[in-house]
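Participant: Sequence below, structure please.
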Amino acid sequence: MYPKNHTLSTINKAVICVIFLVALANCSSNDDLERPTSSTTDTPTTPPDTPPTTINYADIDFSSWKVTLPVDENNNGGPDEYQPADLINFGYQTLAPVQPFMYDDTDDESLVFYTYPDISTTNSSFSRTELRELINPSNSRENWTLLEGGTMQGRLKVSSISENSNSGDTYHKVIVMQIHGIISEEDMDIHGFASNNGPPLIKIYWKDGFVWSHKKSLVDETTSGDDLLDTSSSTWYDIKENLGYVGFGAFDFKIVASDARITVTLNNETPFVYEDVSLDKWPFENYFKAGNYLTTTDANAFSYVKYYSLYLTH
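Facilitator: This is a model prediction of the structure:
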């Protein structure tokens, strides 16, 4: 038999051991609770808002352009027109009469000009949906001379046009750019003309996929003085230049007018230069035009011209 003190010591040791084991188990349990556990489920998050789709439009500043339409909705005997103040700041998008003829195609960031034979302007048999430059939006009789000069450039294409069954051409022809002549206010006052309409100095045609430049030249280069103001074909006629093939694809075009000199440039080709007596004697002021001027009155004819950009400088 063990001594009494030995028994108590043994019991004490046993109790201490049990307490230690319990404490150890508790620590282990607490560690398990505090230790991060892996999980295959990610914490749910709110997906970021999808940014709004940006809508891009053709690069055209309407502050110096009015538009002429091929219809007479206001029954005034001439084609309807809308001024720069109506068109700027996307105002053209809110004009119901304009939308069938000049509207955005946001798929390719273009402005579409559509026309068909209907109402024509004075001194013309053909209809157009066409922009007319106004260097002074409040006075269409204020224009520029060749000496003052100017540049128009744009990217465009003929996207669709009617077939021509009445001639040897495959399609109808359309004028997409112009420098148009106008009799100055001074000459109007001096001569008392009934109309200030002058001949188009430059016409840029699309003909069966080819881009042509027509330029007015004197029939008789010795013509001078007031006789130069005659606008008929007996005084001025077109000389014509084929600048190249574009088909129905987009192309860049640039017209630069200066004193007795005009250059026309298709894409990155070498500019074609006009520099002659007729330009030196050109008696008219000028304004630029751009758009869709369909040169036929055939029933069911139509044309669609798209502009991606259009710039003016003076």
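Participant: now the helices for the stretch 201-314 of the chain?
Facilitator: Here the stretch 201-314 of the chain has its helices, by DSSP state H, counting those that start in this stretch, at 277-281.
Participant: Which stretches in it count as strands?
Facilitator: According to DSSP state E, counting those that start in this stretch, the stretch 201-314 of the chain carries its strands in the segments 210-218, 236-245, 251-258, 261-266, 272-274, 285-294, 303-313.
Participant: And the closest residue to L87 other than its chain neighbours, how close does it get to E133?
Facilitator: Nearest residue to L87, sequence neighbours excluded (CB to CB, 6 or more residues apart in numbering): F62, at 3.8 Å. Heads up, the C-betas are built off the backbone N, CA and C, glycines and all. Separation of F62 from E133 (CB to CB, to the nearest Å) stands at 11 Å.
Participant: Ok, P70 next?
Facilitator: 19 Å.
Participant: cool, E269 as well?
Facilitator: When E269 is compared with E133 (using CB to CB), they lie 25 Å apart.
Participant: Tell me which of these two has more neighbours.
Facilitator: Neighbours were counted for E269 and for E133 using other CB atoms under 10 Å; E133 has more, 23 against 12.
Participant: does that one really touch K289, like I thought?
Facilitator: Yes - counting by CB atoms under 8 Å, K289 is a contact partner of E133 at 6.8 Å.
Participant: Could you pull out the strands in the stretch 1-150 of the chain for me?
Facilitator: Along the stretch 1-150 of the chain, counting by DSSP E, counting those that start in this stretch, strands occupy 59-60, 65-68, 81-82, 102-105, 110-115, 128-133, 150-161.
Participant: Can you tell me which of the ones you listed is nearest to G192?
Facilitator: strand 128-133 (24.6 Å; CB to CB).
Participant: Between strand 110-115 and the closest one, find me the angle.
Facilitator: With axes from the mean of the first three to the mean of the last three CA atoms, to 10 degrees applied, the angle from strand 128-133 to strand 110-115 works out at 120 degrees.
Participant: got the contact list for strand 128-133?
Facilitator: Strand 128-133 has contacts (CB atoms under 8 Å, 6 or more residues apart in numbering) with 64-70, 79, 101-102, 113-115, 120-121, 140, 152, 175, 180, 287-294, 310, 312.
Participant: Tell me, please, the helix or strand in this structure that averages the lowest pLDDT.
Facilitator: Every helix and strand of the chain was ranked by mean pLDDT, DSSP states H and E. The lowest is helix 4-34, at a mean of 43.
Participant: buried residues in stretch 205-216?
Facilitator: For stretch 205-216, a neighbour-count test (16 or more other CB atoms under 10 Å) marks Y205, W206, K207, D208, V211, W212, S213, H214, K215, K216 as buried.
Participant: out of those, what pair is the most spread apart?
Facilitator: Maximum pairwise distance among the buried residues of stretch 205-216 (CB to CB): 23.0 Å, between D208 and K216.
Participant: so who does S303 touch?
Facilitator: By CB under 8 Å, 6+ apart, the neighbours of S303 are Y114, T115, Y116, V158, S160, I161, S162, H172, V174, N292, L294.
Participant: likewise S64?
Facilitator: So S64 contacts P84, E133, L134, I135, P137, L312 (CB under 8 Å, 6+ apart).
Participant: and I175, that's in a helix?
Facilitator: No - I175: not assigned to a helix; according to DSSP: H, G, I helix; E, B strand; the rest coil it is strand.
Participant: The residue nearest to it when sequence neighbours are not counted bridge partners, please.
Facilitator: Nearest residue to I175 in three dimensions, chain neighbours excluded: Y293, at 4.0 Å (CB to CB, 6+ apart). Note on Y293: beta-bridge partners by DSSP bridges are R128, I175.
Participant: Just to check, Y293 is in contact with S125?
Facilitator: No - if you go by CB under 8 Å, Y293 and S125 don't touch, sitting 11.4 Å apart.
Participant: Which of those two has more residues huddled nearby?
Facilitator: Y293 (30 against 10).
Participant: re the thing from before, nearest to D252, of the buried residues of stretch 205-216?
Facilitator: Distance to D252, by CB to CB, is smallest for V211 among the buried residues of stretch 205-216, at 10.6 Å.
Participant: for that closest one, what are its contacts?
Facilitator: V211 makes contact with I204, Y205, N242, L243, G244, Y245, V246, F251, F253, L266 under the criterion CB under 8 Å, 6+ apart.
Participant: which non-adjacent residue is nearest it?
Facilitator: In space, and not counting its chain neighbours, V211 is closest to L243: 4.7 Å by CB to CB, 6+ apart.
Participant: wait, what's in contact with D227?
Facilitator: Contacts of D227 (CB under 8 Å, 6+ apart): T235.
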